[in-house]
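Peer 1: How does the following fold in three dimensions:
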Amino acid sequence: MIIQTLNAKFLIESSSDCDGCLMVYSDNSEQLQRLFGSSVHHSRNFSEMPFLTKTCKQDFAHTLILLVKEIDYSNFPSISGNLPVISHLS
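Peer 2: Predicted structure coming up:
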């Protein structure tokens, strides 16, 4: 999976040495540290994304929630008026 934000790009792949773990590569060590809060290492595998960390799937899910909450939806005025309203069933 590839995720791109205003400040960084992330490549996420499963870890071959740890069941339930993910390897997260990035081009921005500060953003990697901010989002995952774990130690950041240099990778030799991806020259475009030289920083990496390992995380569990649950922590990654929390990070995705954080990223969605940080979206400034006012940057999307041209499409917001054309979207259907979705109501939740109670």
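
Peer 1: Quick check: Leu22 touching Lys54?
Peer 2: Yes. Using CB atoms under 8 Å, Leu22 makes contact with Lys54 at a distance of 7.1 Å. In short, each C-beta sits where N, CA and C put it, glycine included.

Peer 1: Show me the common contact partners of those two, please.
Peer 2: Ser15 (CB atoms under 8 Å, 6 or more residues apart in numbering).

Peer 1: Go through the protein and flag its longest helix.
Peer 2: Longest helix of the chain, by residue count under DSSP state H: helix 57-69.

Peer 1: which residues of this protein fall in strands?
Peer 2: Per DSSP state E, the chain carries strands over the ranges 2-4, 9-14, 21-26, 41-42, 51-56.

Peer 1: Return the most buried member of those strands.
Peer 2: Burial of these is given as mean neighbour count (mean count of other CB atoms under 10 Å); strand 21-26 ranks first at a mean of 21.

Peer 1: Can you tell me the strand partners of that strand and which way each runs?
Peer 2: Sheet partners assigned to strand 21-26 using DSSP bridges are listed as strand 9-14 (antiparallel), strand 51-56 (antiparallel).

Peer 1: Need the residues that contact the last one.
Peer 2: Counting by CB under 8 Å, 6+ apart, the neighbours of strand 51-56 from elsewhere in the structure are 15, 18, 20-29, 32, 36, 38-43, 45, 63.

Peer 1: returning to that earlier point: CA-only coordinates of the longest helix of the chain in CSV, if you can.
Peer 2: What follows is helix 57-69, C-alpha atoms only, in CSV (Å, rounded to 0.1, in the frame of the first residue of the first chain):
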residue,chain,number,x,y,z
LYS,A,57,-1.4,-4.0,12.3
GLN,A,58,-3.4,-2.5,15.2
ASP,A,59,-1.0,0.4,15.6
PHE,A,60,-1.2,1.0,11.8
ALA,A,61,-5.0,1.1,12.0
HIS,A,62,-4.8,3.8,14.7
THR,A,63,-2.3,5.7,12.5
LEU,A,64,-4.8,5.6,9.5
ILE,A,65,-7.5,7.0,11.8
LEU,A,66,-5.2,9.8,12.8
LEU,A,67,-4.4,10.6,9.1
VAL,A,68,-8.1,10.7,8.2
LYS,A,69,-8.8,13.0,11.2
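
Peer 1: Noted, bye for now.
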